[in-house]
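Trainee: Pasted the sequence and its predicted model underneath.
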Amino acid sequence: MKIVVIGGTGLIGSKVVAGLGEHGHEAVAAAPNTGVNTLTGEGLAEALAGASVVIDVSNSPSFEDAAVLEFFETSTRNLLAAEKEAGVGHHVALSVVGTERRPDIGYFRAKIAQEKLIEDSAIPFSLVHATQFFEFARRIADGATDGDTVRMPPVAFQPIAGDEVARAVGRAAVGTPLNGRIEIAGPERFRMDEFFRDALTAWGDKREVVTDPHAHYFGAELGEPDLVPVDGATLGEIKYADWLGSAAAE
């Protein structure tokens with residue numbers, strides 16, 4: 001089965017391509033650096049020819065509110081139109097746990113817009129909502145840094161390994177379209193401030209983590225359940241400490 005992975009050269013996309021290939025599928029990595037641009041439409045028709053499934057794990061180069069909304073709306077419209085022309089039978093998209101609870105967060109609002117376009121199209125679909133990736137923990141800490149301190153809210157946090165996200169996306173792609181969504185999260189639930197306090201210690205990072213209920217994430221204050229699944233999520237098996245040890249050994 002030919003499966004085209006939009007964003008297929010990125011962190012999650014490259015893992016999805018590799019996993020599908022190991023299971024005998026023709027997995028095609030589609031991204032601007034492979035000649036496929038969903039914003040302009042360049043290379044889309046050629047890449048999608050003969051494809052049964054399209055997976056979209058692409059991301060906006062800018063997280064500024066207007067830019068990220070423009071990216072997901074334009075990219076998704078162009079992609080869905082090309083899929084319709086190519087006769088693609090299943091569209092899979094990676095999104096974020098909690099989008100529907102916090103539409104005031106610009107990035108979440110953009111993902112909601114993307115999902116609505118997918119849901120309103122005639123193409124059968126599956127949405128995979130994931131929590132934050134282990135691989136982005138340092139970036140989250142850097143974004144919350146104020147001088148020598150990292151300001152984090154005392155809210156629930158349940159990150160997941162990128163490998164497990166990729167496997168979940170791959171399984172969704174080769175399964176029957178859900179015409180709905182699944183949620184995936186890591187096996188451990190932390191308080192966000194405590195997670196980063198322990199993580200910085202493990203990294204050998206001397207910055208101090210300060211608990212701040214008013215600390216911002218993507219420009220907004222967070223409530224206790226905003227970043228975690230409510231119930232019924234599929235949980236991964238890889239714990240952060242084990243993942244960090246494996247990453248350090250590579």
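Mentor: Okay, I see it.

Trainee: Give me the phi and psi for the nearest residue to residue 114 once chain neighbours are set aside.
Mentor: Excluding its sequence neighbours, the residue lying closest to residue 114 (CB to CB, 6 or more residues apart in numbering) is residue 72, at 4.1 Å. No exception for glycine: its C-beta is placed from N, CA and C like everyone else's. In this entry, residue 72 is assigned phi and psi values of phi -70, psi -40 (degrees, to the nearest 10).

Trainee: OK, contacts around residue 72?
Mentor: Neighbouring residues of residue 72 by CB atoms under 8 Å, 6 or more residues apart in numbering: 60, 110, 111, 113, 114.

Trainee: Please list all residues in contact with the first one.
Mentor: Put plainly, it is residue 60. By CB under 8 Å, 6+ apart, the contact set of residue 60 is 67, 68, 71, 72, 110.

Trainee: Now which of those would you call buried?
Mentor: Among the contacts of residue 60, those buried by neighbour count (16 or more other CB atoms under 10 Å) are 68, 71, 72, 110.

Trainee: Buried residues of the helix or strand encompassing the second one, list them for me.
Mentor: The one in question is residue 71. Residue 71 is part of helix 65-86 when elements are defined by DSSP states H and E. The neighbour-count criterion (16+ other CB under 10 Å) identifies 68-72, 75-76, 78-80, 82-83, 86 as the buried residues of helix 65-86.

Trainee: correct me, but residue 27 touches residue 16?
Mentor: Yes: counting by CB atoms under 8 Å, residue 27 touches residue 16, with 7.2 Å between them.

Trainee: Need the residues touching each of those two.
Mentor: 5, 8.

Trainee: More neighbours: which of those two?
Mentor: Between residue 27 and residue 16, counting by other CB atoms under 10 Å, residue 16 is the more crowded of the two (29 against 24).

Trainee: How far does the worst-scoring helix or strand of the chain on mean pLDDT sit from its chain's centre?
Mentor: Confidence across the helices and strands of the chain bottoms out at helix 240-249, with a mean of 86, counting by mean pLDDT, DSSP states H and E. Distance of helix 240-249 from the chain centroid (CA atoms, centre = their mean, to the nearest Å) equals 20 Å.

Trainee: Likewise for stretch 64-71?
Mentor: Taking CA atoms, centre = their mean, one finds stretch 64-71 lying 16 Å from the centre of the chain it belongs to.

Trainee: show me where pLDDT drops low in this protein?
Mentor: For the chain, the stretches with pLDDT under 70 are 248-250.

Trainee: what's the closest of the buried residues of helix 65-86 to residue 1?
Mentor: residue 86 (14.0 Å; CB to CB).
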